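Undergrad: the sequence isn't on hand, but the structure is:
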Ligand SMILES: [Fe+2]
């Protein structure tokens, strides 16, 4: 029988030293979190009898993850980003805050400072031959009143499931725009229907998912930040209805209320009206923003993000 170590007085003293509890410098909050995490890891190693080989494989794994910048991909894959959303929902509920459009995960592929366009935008640069999609709607407050001038910051993948900036073959800010809603809170954009996508097949995130017997696929979706002075910053996505991974998203982002109907228009007059010669798709979706008086729960604005030079 191997002697249990993790919860002995000696080991508790050791973890106190490790996490800086025995000095008066540093950051108390960081110390508290590190103390808890190290304690939990020691217990995990002991309870599950983690071997040195397994332990060093995990260390190598973190190095691999950092080298290819996939920490932000593993995070939703392990449900942590969705868990953060559920915690914020629970806090809203406890505070009696009525939510507008449901929040859901941001993911790692946002790029700041996309071109700002008033009212109506075209997101695609015309090189992707995917189905044309018109999406429009109104940004409203919780009482249904339009929010004039709200900023709808939208980004999505192309038909190969790739995002501009990260996919260097696409033009700068392709499929990314910030749209300023008009005086009636209305926004509108033309783009192409995105495809779903998966984790890089040879990357560390997919490697772990394989070990869990899980796929790394996401259903087709469109990301949004919606913001306006006096309202809480909303981070959300809408899903393209009918996708085979709609309720089997490796990142757990699909939520009720975020799956608008996609209408296929093949009427000749409507096609002509849009200046097209092929059928197209349409989505109508209104956003509802929560007042900023509850902005203590704003979850998304302090995150480090890339900016295209
Ligand atoms: Fe995405």
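TA: Cool, the structure landed. Owing to the predicted nature of the structure, the values given are computational and were not obtained by experimental measurement. Residues are numbered from 1 along each chain as shown.
Undergrad: I'd assumed residue 98 was in contact with residue 142.
TA: Yes - Residue 142 is within contact range of residue 98, at 5.8 Å (criterion: C-beta atoms under 8 Å). Where C-beta positions appear, they are placed from N, C-alpha and C, glycine not excepted.
Undergrad: neighbour count: these two, which is higher?
TA: residue 142 (14 against 11; other C-beta atoms under 10 Å).
Undergrad: tell me the contacts of the more buried one?
TA: Counting by C-beta atoms under 8 Å, 6 or more residues apart in numbering, residue 142 touches 98, 100, 288, 289, 290, 291.
Undergrad: quick one on the thing from earlier: now do the shared contacts for residue 142 and residue 98.
TA: residue 290.
Undergrad: before we move on, back to that, out of the contacts of residue 142, which sit inside strands?
TA: 288, 289 (DSSP state E).
Undergrad: now the terminal residues of stretch 260-276, how far apart.
TA: 23 Å (C-alpha to C-alpha, to the nearest Å).
Undergrad: after the strand ranked longest in the chain comes which helix or strand?
TA: Using DSSP E to define each element, the chain has its longest strand at strand 132-141. Once the chain leaves strand 132-141, the next helix or strand it forms, by DSSP states H and E, is strand 151-156.
Undergrad: strand partners of that following strand, parallel vs antiparallel please.
TA: strand 176-180 (antiparallel), strand 221-227 (antiparallel) (DSSP bridges).
Undergrad: quick one: residue 157 from residue 142, how far?
TA: Separation of residue 157 from residue 142 (C-beta to C-beta, to the nearest Å): 31 Å.
Undergrad: now the spatially most central residue of the chain, what are its backbone angles?
TA: Geometric centre of the chain, nearest residue: residue 106, 1.9 Å, by C-alpha atoms, centre = their mean. Dihedral pair for residue 106: phi -80, psi -40, per degrees, to the nearest 10.
Undergrad: quick one, grab the pLDDT at it.
TA: What the model reports as pLDDT for residue 106 is 93.
Undergrad: that one and residue 84 touch, don't they?
TA: No - with contacts counted by C-beta under 8 Å, residue 106 stays clear of residue 84, the gap being 10.1 Å.
Undergrad: which residues in the stretch 51-200 of the chain form helices?
TA: Under the criterion DSSP state H, counting those that start in this stretch, the stretch 51-200 of the chain contains helices at 52-67, 71-77, 80-94.
Undergrad: contacting residues around the shortest one?
TA: For helix 71-77, the surrounding residues in contact (C-beta under 8 Å, 6+ apart) are 65, 81-82, 105, 107-108, 199, 203-205, 208-209, 214, 216, 250-253.
Undergrad: filter these to the buried ones?
TA: Buried members of the contacts of helix 71-77, counted by 16 or more other C-beta atoms under 10 Å: 65, 81-82, 105, 107-108, 199, 203-205, 208-209, 216, 250-253.
Undergrad: what sits against the nearest residue to residue 65 once chain neighbours are set aside?
TA: Distances taken as C-beta to C-beta, 6 or more residues apart in numbering put residue 204 closest to residue 65, at 4.7 Å, once the chain neighbours are dropped. Taking C-beta under 8 Å, 6+ apart as the criterion, residue 204 is in contact with 61, 64, 65, 68, 70, 74.
Undergrad: same thing but at 10 Å, please
TA: 60-68, 70-71, 73-74 (C-beta atoms under 10 Å, 6 or more residues apart in numbering).
Undergrad: widest-spaced pair of those?
TA: 60 and 73 (17.5 Å; C-beta to C-beta).
Undergrad: which of the two has more residues huddled nearby?
TA: When residue 60 and residue 73 are compared for neighbours, residue 73 comes out ahead with 22 against 11, by other C-beta under 10 Å.
Undergrad: pLDDT value on residue 297, please?
TA: Residue 297 is given a pLDDT of 51.
Undergrad: before we move on, back to that, wait, which of the contacts of residue 142 is closest to residue 41?
TA: residue 290 (37.1 Å).
Undergrad: you'd agree the closest one is up against residue 89?
TA: No - Residue 290 lies out of contact with residue 89 (C-beta atoms under 10 Å); the separation is 11.7 Å.
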